[in-house]
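Q: 3D, please:
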Amino acid sequence: MIDQDTWVSIRLLHLRQGKSKSWLAREFGISRNTVAKYLANPEAPRYRTVKPRGKPILSKWEEHVRDILAEDRNAPRKQKHTARRVFSRLVEEHGYDGSERTIRSLVANIRHQPLQTATLPLEFAPGMDAQVDFGESYVDVAGVRTKLYGFEMRLNYSRKKFCMFVPAANTESFLEAHLRAFVYFGGVPNRLTYDNLGLAVIKVGKGKERKLTKKFLELQGFYAFAVNFCKPGIEGAHEKGGVESGIGFSRRNWMVPVPQVASIDELNAIIWNRCNADGKRIVAGQTLSIDEAFELERGKLLSLPKRKFDAGVPRGSSIADTYQTIAFENNRYSVPTKALGKPLRIRAYFEKVVIACGQEIVAEHQREYSRDKYCLKIEHYLEQLERKPHAVPFAKPVKMAKLPDEYWKFYDCVVEQRGASQGGRDFVRLLRAHCRYGQQTVKSANPPSPWSSLNIRRCLVIRWRCLTQPFIKHF
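A: Down below sits the predicted model:
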């Protein structure tokens, strides 16, 4: 291929001075066919490779990238690897020392996706605005893939975020997440922006008109923050792009690969640690880290009230069945015998269910989010067990209580010597002490061993009764 200077000279001499192709070939030492080719094409000569150039870095890391992307085949749709996450894993796990752009190009070639997206930079005053949203993610909880809902509140000035995962996107979880976010920030933003989620909005009116739920109005009035609701539809999603992108950032960087935890509490502890660690990050285009900007913003937040907001939500009333249970959201919760036949009111919280009769709270249970579960407390069935001592080893509340082995050794010893009736009654007395003073207090009274002699058995019962006498006054 000739250089551009020669190409320009050939065209000028032929087209402007009329030199022949033969003369040009002799003058520049090239063939007539070459001269003819460059005269026929007005485009400047360009180098064209016969075969593609070698890509030593891409060739070396392409297999690793393909292996990582292959993991996404069984991953949830919103928890697949991004190019940046692929780059991070290569650096952390394989010691990759090349540029991120190279990996982005490789991932794009594999997926046939564009490399860039457009965003609009925004600027907010400290403490004035925050955005709230829910996002879905999947987590392996105790070995079971579970769909969870991630609540995120993001301060617009500092980009400080609070994240929390809940098993259901209901009103109780929505309220509790707000309370924990306010405590985490140490204050309340002056204005919160939402989309038109049903947990807060009953009806969407014209423009910014909204009819809000009773409980959300109580929350707003208690903490005295203003609200801003986005336009309905996709157009409104751009009005809170900060939290939208924040949820995506958390999902891509904190939930990929799919976390494996023993409980949701363990997952939230991990997420809160990552929220704290995220404070050291400097957002593109900013000079301060997130934590440094948050220190400037903290003083602009509204102060927290002296007492905590009651996030309980009334969930109707019910009457207990003959098994002393009431139904709530496909599960059953036990109540004391005295509550049978009476109207009971249910108040649901994020982590508990409270059951009341009139002004008296008769039962309180840890909330169960699965289906067809029985939540039975042993203290609710002691009166029945006293009347039916033979049912002790078969009673479902007793089995669910997971009592220590020492209790059952004592029961077996008494049954062996005095029969099932006396053994059941003594065992119920022991359970009363257990419910009133706790397992550690009762066990510290030197529980007996399963000796078989009658005299030893009597001494054994007397011994435990005497040791527990200071605690169990009704024995």
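
Q: do a quick rundown of the strands in the stretch 251-400 of the chain.
A: Remark: strands assigned in the stretch 251-400 of the chain by DSSP state E, counting those that start in this stretch are 260-261, 313-318, 325-328, 331-334, 344-348, 352-357, 360-366, 374-375.

Q: elements contacting the lengthiest helix in the chain?
A: Scanning the chain for the helix with the most residues, using DSSP state H, yields helix 420-437. Applying 3 or more Cβ pairs under 8 Å, 6 or more residues apart in numbering; DSSP states H and E, we find helix 420-437 packed against helix 382-387, helix 405-418, helix 439-443, helix 454-468. Placement of C-beta: from N, CA and C, glycine included.

Q: returning to what we had before: most neighbours per residue, which of the strands of the stretch 251-400 of the chain?
A: Mean neighbour counts were compared across the strands of the stretch 251-400 of the chain using mean count of other Cβ atoms under 10 Å; the top stretch is strand 331-334, at a mean of 23.

Q: do me a favour and average the pLDDT over it.
A: Averaging pLDDT along strand 331-334 yields 95.

Q: give me the pLDDT for I10.
A: What the model reports as pLDDT for I10 is 84.

Q: run through who's touching the host helix or strand of it.
A: Taking DSSP states H and E as the definition, one finds I10 inside helix 4-15. Helix 4-15 has contacts (Cβ atoms under 8 Å, 6 or more residues apart in numbering) with 2, 19-21, 24, 27-28, 35, 38-39, 44-45.

Q: and N253, how far from Y407?
A: Distance, N253 to Y407, by Cβ to Cβ, to the nearest Å: 48 Å.

Q: same drill for these two, tell me which one is more crowded.
A: Residue environment comparison for N253 versus Y407 gives the larger neighbour count to Y407, 19 against 14, counting by other Cβ atoms under 10 Å.

Q: residues in contact with that one?
A: 427, 430-431, 434, 447.

Q: so A420 makes contact with K388?
A: No: A420 sits out of contact with K388 when judged by Cβ atoms under 8 Å, with a separation of 10.6 Å.

Q: pLDDT weak spots in the stretch 1-150 of the chain?
A: 1, 47-58, 113-122 (pLDDT under 70).

Q: what does the stretch 301-450 of the chain give?
A: Counting by pLDDT under 70, the low-confidence segments of the stretch 301-450 of the chain come to 445-450.

Q: can you do 80?
A: Regions of the stretch 301-450 of the chain meeting the criterion pLDDT under 80 cover residues 437, 440-450.

Q: nearest the geometric middle of the chain, what residue?
A: Within the chain, one residue has its C-alpha closest to the average C-alpha position: by Cα atoms, centre = their mean, that is F165, at 2.9 Å.

Q: before we move on, back to that, can you redo the strands of the stretch 251-400 of the chain as TSV with distance to Y149?
A: Below are the strands of the stretch 251-400 of the chain laid out as TSV (distance: least, Cβ to Cβ, whole Å):
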stretch	distance to Y149
strand 260-261	16
strand 313-318	17
strand 325-328	20
strand 331-334	19
strand 344-348	16
strand 352-357	19
strand 360-366	19
strand 374-375	22
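
Q: nearest to T82, out of these?
A: Taking Cβ to Cβ as the criterion, strand 260-261 is the member of the strands of the stretch 251-400 of the chain that comes nearest to T82, at 20.5 Å.

Q: strands paired with the closest one, and their directions?
A: The strands beside strand 260-261 in its sheet (DSSP bridges) come out as strand 129-141 (parallel).

Q: would you mark the buried spots in the strand it pairs with?
A: Residues of strand 129-141 classed as buried: 129-135, 137-139, 141 (neighbour count, 16 or more other Cβ atoms under 10 Å).

Q: would you list those residues in JSON lines and tack on distance to E172?
A: Supplementary listing: the buried residues of strand 129-141 in JSON lines, determined by distance: Cβ to Cβ, whole Å:
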{"residue": "D129", "distance to E172": "26"}
{"residue": "A130", "distance to E172": "21"}
{"residue": "Q131", "distance to E172": "22"}
{"residue": "V132", "distance to E172": "16"}
{"residue": "D133", "distance to E172": "18"}
{"residue": "F134", "distance to E172": "14"}
{"residue": "G135", "distance to E172": "18"}
{"residue": "S137", "distance to E172": "19"}
{"residue": "Y138", "distance to E172": "22"}
{"residue": "V139", "distance to E172": "20"}
{"residue": "V141", "distance to E172": "19"}
